[in-house]
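> Prediction below, plus the sequence it came from.
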Amino acid sequence: MNKYQLPTNSKMLSKEFVYGVATASFQIEGASQQRLPCIWDTFCATEGKIADNSNGDIACDHFNRWQDDIELIDSLGVDAYRLSISWPRVMHQDGSANQDGLNFYVNILDGLKAKGIKAYVTLYHWDLPQHLEDNGGWLNRETAYKFRDYVDLVTKAFGDRVHSYATLNEPFCSAFLGYEVGVHAPGKVGKEYGRKAAHHLLLAHGLGMQVLQTNSPNTLNGIVLNFTPCYPRSEKLEDTKAADYADQYINQWYIKPLFHGTYPEILQELPLAHQPDIHEGDFDIIAQPLDFLGINFYTRLTYSAPTQAGEFYFEHEHMTPKTDIGWEIYPAALTGLLTSLNERYELPPIYITENGAAMADEIEAGEVHDLDRLNYYQLHLNAVNKAIEQGVDIHGYFAWSLMDNFEWAEGYLKRFGIVYVDYKTQQRTIKRSGLAYKALINERNTQPQQ
Ligand code: IFM
């Protein structure tokens with residue numbers, strides 16, 4: 001297949017629909033010496049945390065290759081590039097601006113603008129400055145206010161170069177993976193931490209949105225959440241109940257406060273020690289109006305009744321077929337997710353801000369025939385299209401990722417790019433999946449608009 005097939009009347013073939021590619025600072029930039037340390041530097045330096053014992057010191061060397069990378073992005077023909085800002089690169093420990101760090105991004109933003117590529121900027125994609133973690137990190141309410149100051153600094157420096165700001169990427173991952181199960185930085189483990197960190201992240205989001213409304217009222221301002229739809233393993237009542245609990249705990253926990261100004265009912269069933277510290281007025285801060293909601297989707301999970309006292313659900317291993325990272329390929333869950341969120345909440349315009357697959361790529365004679373990834377994109381683009389047909393207001397889609405990069409606890413072992421990166425030479429090669437993406441956008445550009 002040379003391009004992804006969508007129905008000829010699909011809204012995803014209209015010029016208004018935004019196609020983009022996404023990355024994140026720590027995963028691609030490298031140049032760790034030219035910024036403050038962050039929690040991922042510390043985590044990588046801790047024995048046994050990263051599958052290949054790697055780190056983000058060099059990554060894709062994007063810090064030095066950003067001009068070529070903008071050419072690469074442009075060559076794909078995309079409308080937009082979603083990137084994140086490294087907080088420890090742009091702000092000194094005393095809160096003052098690191099002008100060199102800011103200039104790095106200003107140059108990128110200017111480079112994108114010169115090519116007519118819209119910049120979708122994520123303000124926090126997990127690289128918390130280590131000095132803030134030393135003060136409690138996201139368990140410390142004060143960090144939310146530090147985030148507010150950081151947003152203020154960045155938005156003033158970037159002026160009108162940005163098309164869209166997202167406050168946070170996937171607060172579930174920061175809170176649950178980082179502070180509850182400890183497989184991500186900073187690696188804290190304990191049920192008493194996860195919800196507290198999540199609450200402070202959501203507070204940071206609300207405070208950040210307030211700054212965006214003042215400093216950057218003309219950009220599309222919102223947040224990016226990840227969802228893993230929760231399916232019962234059987235039709236038994238106890239399995240359905242377990243799946244619903246899981247959904248409340250891992251998905252609704254992050255969206256309900258934004259739109260309903262409250263946590264899901266499961267909050268009442270958590271022991272007090274596991275509950276967040278909610279101050280009066282917090283939900284008024286958190287539930288700011290949003291210009292858009294970013295949704296990241298990769299897979300689903302299945303659940304049955306808990307096997308241990310005090311648990312709410314039992315989470316099963318992923319079912320087949322799976323990607324190289326072991327996540328089930330189940331595109332119907334994306335359509336189901338989008339339509340169900342649309343029923344539950346009064347949503348602003350939606351962007352699919354991440355979707356993609358890790359596959360075991362091989363480069364042969366300068367080509368990567370990643371037909372498995374190509375098939376994944378084909379299925380998921382159509383799953384998005386189905387949701388649009390069912391009335392969900394979706395304005396764009398971003399492939400994760402522009403290029404292979406540092407995949408967190410998996411190091412460089414898992415490749416998510418539509419562009420292959422040879423980490424020895426830093427050579428970039430557009431994979432078949434990337435060429436098909438380019439062809440789809442080209443078709444959209446050339447077909448008569450309805
Ligand atoms: O690589 C990550 C990204 O940083 C956040 N969303 C999920 C991707 C794949 O794991």
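Structure's in. What do you need? Numbers count the residues shown, from 1 in each chain.
> tell me the contacts of the residue of the stretch 201-350 of the chain found nearest the ligand?
Using C-beta to the nearest ligand atom, the point where the stretch 201-350 of the chain gets nearest to the ligand is Asn296, with a distance of 5.4 Å. C-beta coordinates here come from the backbone N, C-alpha and C atoms, glycine included. Neighbour list for Asn296: 169-170, 224-227, 352-355, 400 [criterion: C-beta atoms under 8 Å, 6 or more residues apart in numbering].
> Cross-check those residues against the ligand and keep the overlap.
Residues of the contacts of Asn296 in contact with the ligand (C-beta under 6 Å from any ligand atom): 170, 354, 400.
> quick one: the residue nearest the centre of the chain from Ile418, how far?
By C-alpha atoms, centre = their mean, the mean C-alpha position of the chain lies nearest to Asn169, the distance being 4.5 Å. In this view, Asn169 and Ile418 are 19 Å apart by C-beta to C-beta, to the nearest Å.
> what do you get for Lys256?
The value you get for Lys256 to Ile418, if C-beta to C-beta is used, is 33 Å.
> Over to Asn218?
For Asn218 relative to Ile418 (C-beta to C-beta), the value is 30 Å.
> go on, Pro289?
33 Å.
> if we can go back for a sec, most surrounded residue in the ones next to the ligand among the contacts of Asn296?
Glu170 (25 neighbours; other C-beta atoms under 10 Å).
> which one is that one nearest to, not counting chain neighbours?
What sits nearest to Glu170 in space, not counting adjacent residues and going by C-beta to C-beta, 6 or more residues apart in numbering, is Asn226, at 4.3 Å.
> Gln275 too?
Arg195 (6.0 Å).
> which secondary structure element contains the one you found?
Per DSSP states H and E, Arg195 falls inside helix 191-215.
> Quick one: mean pLDDT for that helix?
Mean pLDDT, computed over helix 191-215, is 98.
> cool, and stretch 326-337?
On average, stretch 326-337 scores 99.
> That one and the ligand, any residue contact?
No. Taking C-beta under 6 Å from any ligand atom as the criterion, stretch 326-337 and the ligand are apart, separated by no less than 8.5 Å.
> Give me the buried positions along that stretch.
327-331, 333-337 (16 or more other C-beta atoms under 10 Å).
> Over to stretch 270-289?
274, 276, 278, 282-283, 285-288.
> And stretch 249-262, by the same measure?
Within stretch 249-262, the residues that qualify as buried by neighbour count (16+ other C-beta under 10 Å) are 249-259.
> Now intersect the ones next to the ligand among the contacts of Asn296 with the strands, please.
Judged by DSSP state E, the subset of these located in strands is 354, 400.
> circling back: now the helix or strand the residue nearest to Glu170 falls within - C-alpha only, PDB.
Element membership for Asn226, per DSSP H and E: strand 220-227. Provided in PDB are the C-alpha atoms of strand 220-227 (Å, rounded to 0.1, in the frame of the first residue of the first chain):
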ATOM      1  CA  LEU A 220      -5.400  26.900  20.900                       C
ATOM      2  CA  ASN A 221      -4.800  26.100  24.600                       C
ATOM      3  CA  GLY A 222      -5.600  22.700  26.100                       C
ATOM      4  CA  ILE A 223      -4.200  19.500  27.600                       C
ATOM      5  CA  VAL A 224      -3.200  16.100  26.300                       C
ATOM      6  CA  LEU A 225      -4.500  13.000  28.100                       C
ATOM      7  CA  ASN A 226      -3.800   9.300  27.300                       C
ATOM      8  CA  PHE A 227      -6.600   6.700  27.500                       C
END
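> list the helices and strands it packs on?
Under the contact definition 3 or more C-beta pairs under 8 Å, 6 or more residues apart in numbering; DSSP states H and E, strand 220-227 sits against strand 164-169, helix 171-172, helix 191-215, helix 253-260, strand 292-297, strand 350-354.
> switch to 7 Å and redo it
Packing contacts for strand 220-227, counted by 3 or more C-beta pairs under 7 Å, 6 or more residues apart in numbering; DSSP states H and E, involve strand 164-169, helix 191-215, helix 253-260, strand 292-297.
> need the contact list for the closest residue to the ligand within the stretch 1-150 of the chain.
Residue nearest to the ligand within the stretch 1-150 of the chain: Ala24 (4.9 Å; C-beta to the nearest ligand atom). With contacts taken as C-beta atoms under 7 Å, 6 or more residues apart in numbering, Ala24 has the following neighbours: 84, 125, 169.
> mind redoing it with 10 Å?
Counting by C-beta atoms under 10 Å, 6 or more residues apart in numbering, Ala24 makes contact with 82-86, 122, 124-127, 169-170, 354, 400-401, 405-406, 408.
> Can you tell me how far it is from His279?
From Ala24 over to His279 (counting by C-beta to C-beta), the distance is 30 Å.
> Kindly report the same for Pro348.
Look at Pro348 and His279: by C-beta to C-beta, they are 26 Å apart.
> All the strands of this structure, residue numbers only.
Under DSSP E, the chain gives strands at 18-22, 80-84, 118-124, 164-169, 220-227, 230-232, 292-297, 301-304, 314-315, 350-354, 394-400, 419-422, 427-430.
> Figure out which of those is closest to Ala59.
Nearest to Ala59 among the strands of the chain is strand 419-422; the distance by C-beta to C-beta comes to 9.1 Å.
> As CSV, could you dump the C-alpha coordinates of the closest one?
Output of strand 419-422 as CSV, limited to C-alpha atoms (Å, rounded to 0.1, in the frame of the first residue of the first chain):
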residue,chain,number,x,y,z
VAL,A,419,11.4,7.7,10.3
TYR,A,420,14.1,5.3,11.2
VAL,A,421,17.1,6.6,13.2
ASP,A,422,20.4,4.8,13.0
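> That one and the ligand, are they touching?
No. Judged by C-beta under 6 Å from any ligand atom, strand 419-422 makes no contact with the ligand; its nearest approach is 13.6 Å.
> residues of that strand that come out buried?
Within strand 419-422, judged by 16+ other C-beta under 10 Å, the buried ones are 419-421.
> Which of those residues sits closest to the ligand?
Closest to the ligand, out of all of the buried residues of strand 419-422 and judged by C-beta to the nearest ligand atom, is Val421, at 13.6 Å.
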